[in-house]
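[1] Below is the sequence, then the predicted model.
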Amino acid sequence: MNRDVLIIPLEELIRHFETNERQDIKVVAPSILTPELYEILTKKGKRLKIEEPLEGPRWERSYKTKPNKLCESSDFAFEMPSETNGPFTISFANEKAEQGEHYHKYHAEIYFSEHRISGYYRKVNDEEESHFELGIGGLLIFQPNVIHYVELSGLTLILETPALEKDRFVEEK
């Protein structure tokens, strides 16, 4: 599956830790745990849950008796330019930062905040927008060629990968 957007509400992470015995959670992993490996590891005393692929862009916690939903890392694979300025860039912004609708042709953009984040996104050349609101924050991943607008409400980490100069575009209307 090729994934354009991943939305992880912070309240879902908090509820996961409040209601699950294990105090860690994989959301994106190299691969989904196979039934065979699950059986081997649980026989060795590992406390694991069955894993299933996440359907749709929004991750939610799983209940104790339900499988964990996760994405495989390859869901986010995209063709990267042969020459970059490094593996990633890191920035911080808040509600006073100038925001605008934009997209990147060649890199992914990841936002994380413990404050409200809202906005919308759509693929380049698409008319239909999908709106989101993360009331107490969370994580967003936008793949290349996903037009997005994000409204921030507090300190936010922004990670771009790979690092590229001059890869911010505004769609001509």
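    In hand now; what should we look at? Numbers count the residues shown, from 1 in each chain.

[2] As CSV, could you dump the C-alpha coordinates of stretch 156-169?
    Below are the C-alpha coordinates for stretch 156-169, written out as CSV (Å, rounded to 0.1, in the frame of the first residue of the first chain):
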residue,chain,number,x,y,z
THR,A,156,5.5,22.1,16.9
LEU,A,157,8.4,20.0,15.6
ILE,A,158,8.6,19.8,11.8
LEU,A,159,10.8,17.1,10.2
GLU,A,160,11.4,17.0,6.5
THR,A,161,13.1,14.0,4.8
PRO,A,162,15.3,14.1,2.8
ALA,A,163,16.8,17.6,3.2
LEU,A,164,16.3,19.5,-0.1
GLU,A,165,16.5,23.2,-0.9
LYS,A,166,13.8,24.8,-3.0
ASP,A,167,11.2,22.1,-2.6
ARG,A,168,8.2,24.1,-1.4
PHE,A,169,5.5,24.8,-3.9
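
[3] average pLDDT across stretch 125-136?
    Stretch 125-136 shows a mean pLDDT of 96 in the predicted model.

[4] Could you tell me the end-to-end distance of that stretch?
    One end of stretch 125-136 sits 31 Å from the other (C-alpha to C-alpha, to the nearest Å).

[5] ok, and what's touching it?
    Under the contact criterion C-beta atoms under 8 Å, 6 or more residues apart in numbering, stretch 125-136 has outside partners 5, 7, 9-11, 14, 57-58, 113-122, 140. All C-beta spots, glycine's among them, are computed from the backbone N, C-alpha and C.

[6] Kindly write the PyMOL command that selects the buried subset of those residues.
    Only the buried members of the contacts of stretch 125-136 enter the following PyMOL selection, criterion being 16 or more other C-beta atoms under 10 Å:
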select buried, resi 5+7+9+10+57+58+113+114+115+116+117+119+121+122+140
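
[7] In strands, which of the contacts of stretch 125-136 appear?
    Of these, the ones assigned to strands by DSSP state E are 5, 7, 9, 113, 117-122, 140.

[8] what is residue 121 paired to in the beta sheet?
    residue 130, residue 148 (DSSP bridges).

[9] Specify the residue ranges that define each domain of the chain.
    If you go by automatic domain parsing, the domain ranges for the chain are 5-75, 80-161.

[10] Turn the ones you listed into CSV, columns for distance to residue 168.
    Listed next are these as CSV, based on distance: least, C-beta to C-beta, whole Å:
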stretch, distance to residue 168
domain 5-75, 18
domain 80-161, 5
